[in-house]
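A.B. asks: next comes the sequence, and after it the predicted model I'd like to discuss.
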Amino acid sequence: MKKRTWEILDLAKPGDRASRAFDIFILSLIALNVVALALETVRSVYARAARFFDGFEVFSVVAFTAEYVLRIWSCTVLERFASPVRGRLRFAVTPMALVDLFAILPFYLPFVGVDLRFVRAVRLMRLFRVVKVARYSEALRAFGRVFRAKKEELLVAAAVMFLVLLFAASLIYFAENDAQPEHFSSIPAAMWWGVATMTTVGYGDVCPVTTLGKVIAAVVSVLGIAMFALPTGILGAGFVEELRGRNKATRKCPHCGKDVDAGG
C-alpha cells in the first residue's frame, strides 16, 4: 500500500491512470488557488464571495495537507529515505517537501498563537502552491537539472556582475557627488542607479548631469547588456546539453531496441 501510494503521488508513469488523475487534480487545484488568491485582493469581489473563498481555502488546505502527510508516510519506499525516522526527516527538508510545507503553513499559524499581523504578512506564502507545479512538469524539472549543472558558472557570472556594479557605482559617485549630493550621497546609494542602468531599465529618477557622469553611464549601459547576456548564454548552453542528452538516451532502434548511436 505504501509503494502504491508513492506511485500515485509521484509523477505519473505511462499507463497509470490513478496517478495521472491525481496529477491533474493537484495541478487544477493549484491553478484555482492562484486565481482565488488574485481575486481575494479585489475588495468588491471578496466582499460578495467571502464565504466561498474561505471554504475553498479550507478544502485546498485539507487536500494539500493530506498530500504532504502521505508523502512523508510513503517516502520510505525510496532507498535514500528508507530509515523510518531519519529517512523521513531527510525527506522533510528536501526543497519540494519544504515547498509543500510552506504552502499550507499560513493556514495553521493562527492556531498556534502567532500574531495575526504576522499571519497576514505570510499569507503570500500561499504562492508556494504555484511552485508545487514543478513536481508535475518535466520541463520545469529539466530547468532544475540545467540550473544545478551550471550553478558554478552562474555563480561566477553573478560575482562578475556584482563587481561591475560596484565599480560603476564607485565611478559615478566620484563623478556626480559634488553636482548631486542628494542622489549620489554614497557608493551604496549610487548602486541603485547602477542597477537601473545595467539592466537598461532607466527609471530616470536618478541620472547623471556632468559630462564625465554621462560618459560613465554610456559605458555602464553597454557593459550591462553584455553582463546579462552572460548568464543567458550559460543557461542556453545548458539547455542544449540537456536536450542532446535526452535525445541520445531515447534514440533506440525500433526493431532491436539497441542504442542507435552505439552502432550495430
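C.D. replies: Yep, that arrived.
A.B. asks: can you pull out the helices in the chain?
C.D. replies: 2-9, 17-40, 43-48, 50-74, 86-92, 95-108, 116-122, 128-131, 138-149, 151-176, 187-198, 211-250 (DSSP state H).
A.B. asks: could you dump these to CSV with mean pLDDT and distance to residue 205?
C.D. replies: C-betas here are computed from N, CA, C, even on glycine. Formatted as CSV, the helices of the chain follow (pLDDT from 0 to 100; distance: least, CB to CB, whole Å):
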stretch, mean pLDDT, distance to residue 205
helix 2-9, 91, 49
helix 17-40, 88, 29
helix 43-48, 90, 30
helix 50-74, 92, 38
helix 86-92, 93, 45
helix 95-108, 84, 34
helix 116-122, 49, 27
helix 128-131, 67, 31
helix 138-149, 78, 33
helix 151-176, 90, 14
helix 187-198, 91, 8
helix 211-250, 83, 14
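A.B. asks: could the ones you listed be laid out in JSON lines, adding mean neighbour count?
C.D. replies: Conversion of those to JSON lines gives the following (neighbours: other CB atoms under 10 Å):
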{"stretch": "helix 2-9", "mean neighbour count": "15"}
{"stretch": "helix 17-40", "mean neighbour count": "15"}
{"stretch": "helix 43-48", "mean neighbour count": "10"}
{"stretch": "helix 50-74", "mean neighbour count": "15"}
{"stretch": "helix 86-92", "mean neighbour count": "15"}
{"stretch": "helix 95-108", "mean neighbour count": "17"}
{"stretch": "helix 116-122", "mean neighbour count": "11"}
{"stretch": "helix 128-131", "mean neighbour count": "18"}
{"stretch": "helix 138-149", "mean neighbour count": "14"}
{"stretch": "helix 151-176", "mean neighbour count": "16"}
{"stretch": "helix 187-198", "mean neighbour count": "19"}
{"stretch": "helix 211-250", "mean neighbour count": "14"}
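A.B. asks: any chance of the ones you listed in TSV, with distance to residue 80 too?
C.D. replies: Written out in TSV, the entries for these read as follows (distance: least, CB to CB, whole Å):
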stretch	distance to residue 80
helix 2-9	13
helix 17-40	21
helix 43-48	44
helix 50-74	14
helix 86-92	7
helix 95-108	13
helix 116-122	31
helix 128-131	22
helix 138-149	17
helix 151-176	21
helix 187-198	41
helix 211-250	22
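A.B. asks: so who does residue 216 touch?
C.D. replies: With contact set as CB atoms under 8 Å, 6 or more residues apart in numbering, residue 216 has these partners: 168, 171, 172, 175, 208.
A.B. asks: change it to 10 Å
C.D. replies: The contact partners of residue 216, taken as CB atoms under 10 Å, 6 or more residues apart in numbering, are 168, 171, 172, 174, 175, 176, 194, 197, 208, 210.
A.B. asks: I'd say the fifth one and residue 220 touch.
C.D. replies: The one in question is residue 175. No. Between residue 175 and residue 220 there is no contact under CB atoms under 10 Å: 11.2 Å.
A.B. asks: common neighbours of the two, please.
C.D. replies: Joint contacts of residue 175 and residue 220 (CB under 10 Å, 6+ apart) are residue 208.
A.B. asks: what are the phi and psi values at residue 207?
C.D. replies: phi -150, psi 150 (degrees, to the nearest 10).
A.B. asks: what about it, distance to residue 180?
C.D. replies: 9 Å (CB to CB, to the nearest Å).
A.B. asks: what about these two, which has more around it?
C.D. replies: Neighbour totals were compared for residue 207 and residue 180, and residue 180 leads with 19 against 16 (other CB atoms under 10 Å).
A.B. asks: contacts only, for the closest residue to the more buried one other than its chain neighbours.
C.D. replies: Nearest residue to residue 180, sequence neighbours excluded (CB to CB, 6 or more residues apart in numbering): residue 209, at 6.4 Å. Contacts were defined as CB under 10 Å, 6+ apart; by that measure residue 209 touches 175, 176, 179, 180, 183.
A.B. asks: got the residues you listed as CSV, with distance to residue 11 columns?
C.D. replies: Compiled in CSV, the contacts of residue 209 are given as follows (distance: CB to CB, whole Å):
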residue, distance to residue 11
175, 55
176, 54
179, 59
180, 55
183, 52
